[in-house]
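S.K.: Provided below are the primary sequence and the corresponding predicted coordinates.
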Amino acid sequence: MQQLTDRRREQGKRYPLSLVLTYVLLAKAAGETTLQAITEWIRLRADWLQEMLPGVRASFPCAATYSNVLRAVDAEQVNAVLMALLTRVQAPHREPGQQQHIALDGKTLRGTQQHLAEDQKKVHQVNVYETHTGVILKEQVVQEKEGEQSRVGEVLIPQFVKGRIVSADALHTHASVCASILASGGDYVLFAKGNQPTLQEDLQLFFSEPPLDCRDWREGETVDKGHGRLEVRTLVASTELNDFLGHEWPGIAQVFRLRRRVSKALSCTQEWVYGITSLTPSQANPQRLLQLIRDHWAIEIV
């Protein structure tokens, strides 16, 4: 918290910004939800805080002080600091040299209690998540879903993308998005659906009728069983279409097809998903692609 900019006036500044925000975070982590509750929770732990934290005074802030500090702080800067902290905490759990995975996802927000005003429009929210921690790196709000594409460029910048893998749903599968991610130093995993019919048809044809001289055909599979269902996910990846698609899709290094088959006691469903990625086979084998896709879908559910 000492990295944050303190925009308060010097007059009447009794408590360091970093210390006040640390108090707030500790109390929030303990389940306190109001400023008054935070104030009381901190004061009841005065001895422990004086022992554990540097620079703690004998007195503690009142609720008004917390309110003034929270109004003065830059929320985006706080979020960036917390994101960096959680990312560092989770880093030891990643494989050495493994790129960080972020997901670009859009959600439409509507009234949920059937009392939406007639003139109140739905709001579409575009978020960039760090899939390993669930931390929101960037959040954009647009009034109409059609405007989502116009805001995507604001998050595909080196600050969020450099050195990371970006996955996104089919709405964002555009050559310009691929180019922006690559220009910012990242890699992409994108899906092909109806908004890119030519790409979807090319992939469907290739994987349904691979050429006789096809030299690259790699498969991976995962099986999950539980809650009365069996889910088998099989992915095939290939580099055979790189030259054919490379003139339109910048940086393409592999294409893939995922079959997701879910079996229950009296039913069986099957889903096919097609996509492209700038990750080479050495960077992402079929098992790694399966994990990236699964992590992206997990974020969408949240």
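M.R.: Happy to help now that I have it.

S.K.: other SSEs contacting whichever strand or helix holds residue 260?
M.R.: Following DSSP states H and E, one finds residue 260 within strand 254-263. Packed against strand 254-263 by the contact rule (3 or more Cβ pairs under 8 Å, 6 or more residues apart in numbering; DSSP states H and E) you find helix 197-208, strand 229-238, helix 242-246, strand 268-277, helix 286-301. Bear in mind the C-beta positions are built from the backbone N, C-alpha and C, glycine included.

S.K.: check the secondary structure at the residue of the chain positioned farthest from its centre for me.
M.R.: Centroid-distance maximum for the chain: residue 58 at 41.5 Å, with Cα atoms, centre = their mean. Taking DSSP: H, G, I helix; E, B strand; the rest coil as the rule, one finds residue 58 in the coil state.

S.K.: quick one: residues contacting it.
M.R.: residue 50 (Cβ atoms under 8 Å, 6 or more residues apart in numbering).

S.K.: how about 10 Å then?
M.R.: The neighbourhood of residue 58, defined by Cβ atoms under 10 Å, 6 or more residues apart in numbering, consists of 46, 50.

S.K.: and it, how far from residue 14?
M.R.: To residue 14, residue 58 is 12 Å away according to Cβ to Cβ, to the nearest Å.

S.K.: common neighbours of the two, please.
M.R.: Here residue 58 and residue 14 share no contacting residue, scored by Cβ under 10 Å, 6+ apart.

S.K.: can you tell me how far the residue farthest from the centre of the chain sits from residue 138?
M.R.: 41 Å.

S.K.: quick one, helices of the stretch 1-150 of the chain?
M.R.: Here the stretch 1-150 of the chain has its helices, by DSSP state H, counting those that start in this stretch, at 17-29, 35-43, 46-52, 63-72, 75-90, 148-152.

S.K.: let me have the ones you listed in CSV, adding mean neighbour count as columns.
M.R.: Converted to CSV, these look like this (neighbours: other Cβ atoms under 10 Å):
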stretch, mean neighbour count
helix 17-29, 18
helix 35-43, 17
helix 46-52, 12
helix 63-72, 15
helix 75-90, 14
helix 148-152, 16
